[in-house]
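S.K.: kindly return the folded structure for what I paste below:
(one chain, ligands or ions: 1)
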Amino acid sequence: MADVPQALAQAAGHGLNVPQGMDARGEAPRTRGRFGRMFPSLPAQELTEEQIDEILAAMMSGGIESDLNDHLPAGYTYLAQFIDHDITFDPTSKLGGDNDPRALSNFRTPRFDLDSLYGSGPADQPYLYDWDPDAPNPGVKLLLDTNTDPKLLAVDLPRNNQGRAIIGDARNDENAIISQLHLLFIHFHNRVVDFLAGPPTQLVADELFDEARRMVRWHYQWVVVDDFLPRIVGGDTVNAVRGWPARFLEYDREPYIPVEFSAAAYRFGHSMVRDSYKIDAGDRAPIFADPTMPEPARHLGGFRRLPHDVKIDWAHLYKLRSDTKPEMSRSIDLDIAAPLFALPAGVNKIHALPRLNLMRGRALELPSGQDVALAMGLEPLAGDALTLGRVKSPAANASVKQSTPLWFYILSEAANIEGDDRAKRLGPVGGRIVGEVLMGLLEADPRSYLRQWPAWQPVLPRADASFKMRDIARFAYPEGEYGLPGTPVG
Ligand code: HEM
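M.R.: Numbers count the residues shown, from 1 in each chain. Model (predicted):
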């Protein structure tokens, strides 16, 4: 089985230093990981077009906002999407046919290495970097666009002359929140560069870039483990999935992304997306343009030069200021926001995202939620609890209850958690898959912060004992820009 963790155990046992995250500045072309299966022996769940239609009708919220998740500021919805775009991208599986996950390329490395931000480094993808010859250390900072037109965001992602972002993963420009989160991470990297270029380290050139990227990656990985994951799967599950080997995920030499994660469990985030957001002191802005309106009104759609009026004050999306209560995510349940049933043309040809999720799950021959629960030694959800009385046709209802698409099952499981956490985090099946995969990627990566000996701790300023997403935001924008209070650095 897993020889990487074995190597770690040996290295740790002999008091050796495992390799640090000091890769060469121009990393070798990315190894394209494969997808795989977490439960290869389970049969595929069968799903007809009629059942897909029934399930879709059951999930459509009809423009009424479902309950909100008072544990989860809305910024974490988009951190979840940003994390997804760092580790998984399947642009090639066919919706119509059977796909062998081992034959599919993952266009992102299955590592928390922020290849979505850095690409494969300044040598291979120089257009992502700032080569200003008059600035110190050309090619070390990430490139930004500045706009003089007052109608546009003064500082935006670098864009081509048609407004498309030039970034490591085009999906990070799919809506104005993820675009500005990508922008925030660019600022974070650039600020870490300034930090390391100053005393006492005073690093330059390649060494400066390598150390800044390592520092950014490790603080981000810390946030994934210490801030994001406990909110999404609960503290008990985080503790249960720490350490190696995992219970259900097996790596044979190379880590991979299981399709149970990419095509079902991690798509829980689609349920957290809201119809509209309050991103500043002004009115709410819808997540996408209203296609029925002739004039494009203010909206958070992406793939364009961002107008000034969608500039985010991050205190509205993360808890950053005592005077501003951030927007919350939607509950994790069977209700999906109406705009996700009508994606803008630029996002996908099939406009209903829930349909895409179900078709992708079928094309990748995912097992049913019940079979996965049983394989985990859990009592599957059953009866009316499973569909919450939503699937209306008796025939479809009966068959969905017997054998449920994994994505639907995982959302239903979250909606059925007893007590305060109901619909606030993932349940036992979803939580276990997400927890094992995210922790497994860090455990399997000798360059992750988790694999360092002696153990590594965040070094950048933080508001309290643990380093969180809000500390990344504050470090990225220390001047009080984007509504953030200034934080002393260093
Ligand atoms: C406005 C918000 C979002 C939109 C419009 C959106 C849209 C999409 C689309 C069009 C796909 C491709 C579906 C397919 O062809 O199978 C996709 C895939 C996916 N989405 Fe989202 N998404 C959003 C938010 C999120 C969030 C918050 C999460 C995370 C928790 C997430 C997780 C995923 C995952 C895991 C995939 C599969 C990625 C792959 O392996 O290729 N998405 N999304």
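S.K.: can you list the residues of the stretch 1-150 of the chain near the ligand?
M.R.: Counting by Cβ under 6 Å from any ligand atom, the residues of the stretch 1-150 of the chain close to the ligand are 77, 80-81, 84, 88-90. C-beta here means a position set from N, CA and C on the backbone, and glycine is covered the same way.
S.K.: adding pLDDT, secondary structure and distance to Ala44, write those out as CSV.
M.R.: Formatted as CSV, those follow (pLDDT from 0 to 100; DSSP: H, G, I helix; E, B strand; the rest coil; distance: Cβ to Cβ, whole Å):
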residue, pLDDT, secondary structure, distance to Ala44
Thr77, 98, helix, 30
Ala80, 98, helix, 27
Gln81, 98, helix, 27
Asp84, 97, helix, 23
Thr88, 90, coil, 20
Phe89, 90, coil, 23
Asp90, 87, coil, 17
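S.K.: of those, which is the most crowded?
M.R.: Thr77 (25 neighbours; other Cβ atoms under 10 Å).
S.K.: that residue touches Ser331, doesn't it?
M.R.: No - using Cβ atoms under 8 Å, Thr77 is not in contact with Ser331, being 11.5 Å away.
S.K.: common neighbours of those two, please.
M.R.: Met272 (Cβ atoms under 8 Å, 6 or more residues apart in numbering).
S.K.: buried residues of the lengthiest helix in the chain, list them for me.
M.R.: Counting by DSSP state H, the longest helix found in the chain is helix 176-197. Judged by neighbour count using 16 or more other Cβ atoms under 10 Å, the buried positions of helix 176-197 are 176-193, 195-197.
S.K.: for stretch 297-309, same thing?
M.R.: Judged by neighbour count (16+ other Cβ under 10 Å), stretch 297-309 contains these buried residues: 299-307.
S.K.: which parts of the stretch 151-300 of the chain sit against the ligand?
M.R.: Counting by Cβ under 6 Å from any ligand atom, the stretch 151-300 of the chain comes close to the ligand at 174-175, 262, 266-270, 272-273, 287.
S.K.: nearest to the ligand among these?
M.R.: Closest approach between those and the ligand, by Cβ to the nearest ligand atom: Gly269, at 2.0 Å.
S.K.: what comes up buried for the longest strand along the chain?
M.R.: Longest strand in the chain, counting residues (DSSP state E): strand 68-73. Neighbour counts using 16+ other Cβ under 10 Å place 68-69, 71-73 of strand 68-73 among the buried residues.
S.K.: what lines up beside that strand in the sheet?
M.R.: Strand pairing for strand 68-73, determined by DSSP bridges: strand 328-330 (antiparallel).
S.K.: centre of the chain versus the partner strand, how much separation?
M.R.: Distance, stretch centre to chain centre, for strand 328-330: 15 Å (Cα atoms, centre = their mean, to the nearest Å).
S.K.: the residue nearest to Phe303 when sequence neighbours are not counted: how many residues sit nearby?
M.R.: Excluding its sequence neighbours, the residue lying closest to Phe303 (Cβ to Cβ, 6 or more residues apart in numbering) is Gly346, at 4.9 Å. Gly346 has 13 neighbours, counted by other Cβ under 10 Å.
S.K.: shift numbering so it begins at 429
M.R.: Noted, 429 is the first residue going forward, which turns the last one into Gly774.
S.K.: gap between Gly774 and Trp650?
M.R.: 34 Å (Cβ to Cβ, to the nearest Å).
S.K.: wait, isn't Arg712 in contact with Ala725?
M.R.: No - if you go by Cβ under 8 Å, Arg712 and Ala725 don't touch, sitting 11.8 Å apart.
S.K.: closest point of the stretch 779-918 of the chain to the ligand, which residue?
M.R.: Arg788 (3.7 Å).
S.K.: what pLDDT is listed against that residue?
M.R.: Arg788 is assigned a pLDDT of 96 by the prediction.
S.K.: can you tell me the helix or strand for it?
M.R.: Here Arg788 sits within helix 781-791, counting by DSSP states H and E.
S.K.: which strands and helices sit next to that helix?
M.R.: Applying 3 or more Cβ pairs under 8 Å, 6 or more residues apart in numbering; DSSP states H and E, one finds that helix 781-791 contacts helix 477-487, helix 834-843.
S.K.: and Asp526, what does it touch?
M.R.: Residues counted as contacts of Asp526 (Cβ under 8 Å, 6+ apart) are 791, 793.
S.K.: mind checking the backbone torsions on it?
M.R.: Here is the backbone geometry of Asp526 (degrees, to the nearest 10): phi -80, psi 140.
S.K.: any idea how far it is from Leu532?
M.R.: 12 Å.
S.K.: ok, now Phe637?
M.R.: Distance from Phe637 to Leu532, by Cβ to Cβ: 32 Å.
S.K.: for Pro686, same thing?
M.R.: In terms of Cβ to Cβ, Pro686 sits 12 Å off from Leu532.
S.K.: again with Pro906
M.R.: For Pro906, the distance to Leu532 - Cβ to Cβ - is 42 Å.
S.K.: those two - which one has more neighbours?
M.R.: Using other Cβ under 10 Å as the criterion, Pro906 and Leu532 rank with Leu532 on top: 23 against 17.
S.K.: leaving out sequence neighbours, find the closest residue to that one.
M.R.: Once flanking residues are discounted, Leu532 sits nearest to Phe463: 4.8 Å by Cβ to Cβ, 6+ apart.
S.K.: and after the worst-scoring helix or strand of the chain on mean pLDDT, which helix or strand comes next?
M.R.: The weakest-scoring helix or strand in the chain, judged by mean pLDDT, DSSP states H and E, is helix 431-441 (a mean of 29). Next helix or strand after helix 431-441 toward the C-terminus (DSSP H and E): strand 463-464.
S.K.: run through who's touching that next one.
M.R.: Contacts to strand 463-464, defined as Cβ under 8 Å, 6+ apart, come from residues 518, 529-530, 532, 534, 684-687, 690, 792.
S.K.: next step: the residues you listed restricted to helices.
M.R.: Reading helices off the contacts of strand 463-464 with DSSP H, I get 687, 690.
S.K.: please identify which of the contacts of strand 463-464 is nearest to Leu870.
M.R.: Ile685 (13.5 Å; Cβ to Cβ).
S.K.: quick one: His610 and Ala598 touch, right?
M.R.: No - counting by Cβ under 8 Å, His610 stays clear of Ala598, with 10.5 Å between them.
S.K.: pLDDT weak spots in the chain?
M.R.: Residues of the chain meeting the criterion pLDDT under 70: 429-460, 490-494, 908-918.
S.K.: can you list phi and psi of Ser796 for me?
M.R.: Residue torsions, per degrees, to the nearest 10, at Ser796 are phi -70, psi 160.
S.K.: confirm for me that it is in contact with Thr832.
M.R.: Yes - at 5.6 Å, Ser796 counts as touching Thr832 under the criterion of Cβ under 8 Å.
S.K.: the two: who's more crowded?
M.R.: Between Ser796 and Thr832, counted using other Cβ under 10 Å, the more crowded position is Thr832 (28 against 24).
S.K.: show me what contacts that one?
M.R.: 473, 796-798, 809, 814, 840.
S.K.: quick check: Asp664 is in a helix.
M.R.: Yes - counting by DSSP: H, G, I helix; E, B strand; the rest coil, Asp664 is part of a helix.
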